[in-house]
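Asker: sequence and computational prediction follow.
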Amino acid sequence: MSDAKPPLLEHATRDLARFGAQLQFEQLPVEVVERIKSSVLDSLGCCLFGATLPWTKKVAELADLEGAKPVASMMGMGRRTSASLAALVNGTAGHAFELDDIHKESILHAGTLTTPVGLALAEEAGHGSGRDLVTAMVAGYEISTRIGNGATMELFFQGFHPQGTTGAFATGATAARMMKLDAVRFQHTLGVAGSLGSGLMAAQEGAMVKRFHCGHAAQVGIYAAKLAAKDFTGIPDIVEAPYGGFVSSHSSKPNAARLTEGLGTRWEVLNVGYKPHASVTSIHSALDTLKELMGEEKVSAEDIAAVEIGLSPMTYVHCAWEYKAQGVTAAQMNLFYGMAVIAIDGAAFTEQYQDSRLKDPRILAFIAKQKAYVDPEIEAMGKDFRHACRVKLTTRTGKMLERLALHRRGSPEKPLKPAEIVEKFHAVVAPCMTRPDAQRIVDLVARLETLEHLGPLIEATAAPVRS
């Protein structure tokens, strides 16, 4: 069966592996290094806050029961386990509250995949510099996002969760580069990791397991690299194989050219953005547009009679389903809940996504005022505008307001300033850390590329946080 059709793009896996194995810090543009540092800080904030949440605690308890050799820290917990189990716990924590960075085209949150893997392996080895971490993470970002780009949004439309599926390439590549594997072993790392990636999008409607997909991918990446180091073989053409390959199995409409296009010269890292809201990225432009219109017209939630939201087909399918109080995950993935808390609280952050709010009568009443539809104009714009929205607001006095927003705040097209990313970090960890302890992490990440040893950063993030 494998030979019945030509490969999607000959030697794609080999070429990606060679790139990752040969990548050196000195090759990285300054702006790439700075973007990775922003992602490290953003991801650490997600992991530390995520360590306080019940779903992460359940995974950590499972890791404790394994009784593994304690060589790597579970962030924010003050205890250690194996590198693979630490990555499992920390990856779950990182994706535990929908706050992690996002690469729009591949639909991947690479920071909370690569940061836990890089730090766990550095701690286990007892060495590793800031430059090593940055280089390994760039390898993880560049390889995984290109594979996601090649699979296209069809991967999502077929029901797969990119964080758990494509995410295994991010973690495998990061692990292989941290371990300094040669190109052949790097290729087998990808061949093992990609075949073990998993995750289904039905998890978004109320299941804790969505968070676990990220942790599982992180664990798989470490296993894959350690096996490849022992000459355990993976699927050598896993990316491009026409039958049973990753892209061909997950996408009926692949874009093979995107797999290696611009590799080493055009940096996908620079297409990563950050989240100002604790919810699925696809609805952020709608949240901000509603808040802007309400602020400009000085209207309250009670003053609004109806809200219509025009969306891309992707966002409509992903987020515009009937809201039911099925849990925090479902609320964070739901357009109507997010719009309601923006209207009522003016925010959609950690406090708005607590169990105590999920059945709030005021929120449910505002949800009833909303409807969503696929906007033909936005649909015609294509995948680059899948986060665009059109918000139509009607007040109780009959006044109608309408605005089209093409990009969300925090995207590469409309970026957060570095200072805003730092303030987001402080806001995320404020419930569980003192400001001085948080600032120590900020200061260490700010000079990450100058750290000869990652020990101080690992120590700062390993200390127990408040539950």
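Answerer: Perfect, thanks for sending it. Residues are numbered from 1 along each chain as shown.

Asker: quick check: which ranges of the stretch 1-150 of the chain have low pLDDT?
Answerer: Residue ranges of the stretch 1-150 of the chain with pLDDT under 70: 1-3.

Asker: what's the closest non-adjacent residue to the spatially most central residue of the chain?
Answerer: Of all residues in the chain, the one closest to the mean position by Cα atoms, centre = their mean is His109, 1.7 Å from it. Counting by Cβ to Cβ, 6 or more residues apart in numbering, the nearest residue to His109 once its immediate chain neighbours are dropped is Asp100, at 4.0 Å. C-beta: built from backbone N, CA, C; applies to glycine.

Asker: that neighbour: what secondary structure?
Answerer: For Asp100, the secondary-structure state derived from DSSP: H, G, I helix; E, B strand; the rest coil is coil.

Asker: give the contact list for the residue located most distally from the centre of the chain.
Answerer: Each residue of the chain has a distance to the centre, and by Cα atoms, centre = their mean the biggest one is for Thr397: 41.5 Å. For Thr397, the contact set (Cβ atoms under 8 Å, 6 or more residues apart in numbering) comprises Asp303.

Asker: just the pLDDT for it.
Answerer: We note a pLDDT of 96 for Thr397 in this prediction.

Asker: what's the answer for Glu205, then?
Answerer: Glu205 is given a pLDDT of 85.

Asker: burial count for it?
Answerer: 15 (other Cβ atoms under 10 Å).

Asker: surely it and Ala331 touch.
Answerer: No - taking Cβ atoms under 8 Å as the definition, Glu205 is not a contact partner of Ala331, at 10.4 Å.

Asker: look up the closest residue to His216, ignoring the ones flanking it.
Answerer: Closest residue in space to His216, ignoring its immediate chain neighbours: Gly164 at 6.1 Å, by Cβ to Cβ, 6+ apart.

Asker: for that neighbour, give me its contacts.
Answerer: Taking Cβ under 8 Å, 6+ apart as the criterion, Gly164 is in contact with Gly197, Ser198, Gly199, His213, Cys214, His216, Ala217.

Asker: which of those residues fall within helices?
Answerer: Judged by DSSP state H, the contacts of Gly164 include His213, Cys214, His216, Ala217 as members of helices.

Asker: which of those sit farthest apart?
Answerer: Cys214 and His216 (7.3 Å; Cβ to Cβ).

Asker: so for these two, which sits in the more crowded spot?
Answerer: Legend: neighbour count by other Cβ under 10 Å for Cys214 and His216, higher for Cys214 (32 against 25).

Asker: quick check: the nearest residue to Leu23 once chain neighbours are set aside vs Ile36, distance?
Answerer: Using Cβ to Cβ, 6+ apart and skipping residues adjacent in sequence, the residue nearest Leu23 is Ala139, 5.2 Å away. Counting by Cβ to Cβ, to the nearest Å, the separation of Ala139 from Ile36 is 11 Å.

Asker: measure Ala96 to Ser198 for me?
Answerer: For Ala96, the distance to Ser198 equals 18 Å [Cβ to Cβ].

Asker: swap in Leu16?
Answerer: Taking Cβ to Cβ as the measure, Leu16 and Ser198 are separated by 21 Å.

Asker: give me the more crowded residue out of the two.
Answerer: Taking other Cβ under 10 Å, Leu16 and Ser198 do not tie; Leu16 has more neighbours (27 against 15).

Asker: which helix or strand contains the more buried one?
Answerer: Per DSSP states H and E: Leu16 is located in helix 12-22.

Asker: after that helix comes which helix or strand?
Answerer: Note on helix 12-22: by DSSP H and E, the next helix or strand toward the C-terminus is helix 30-50.
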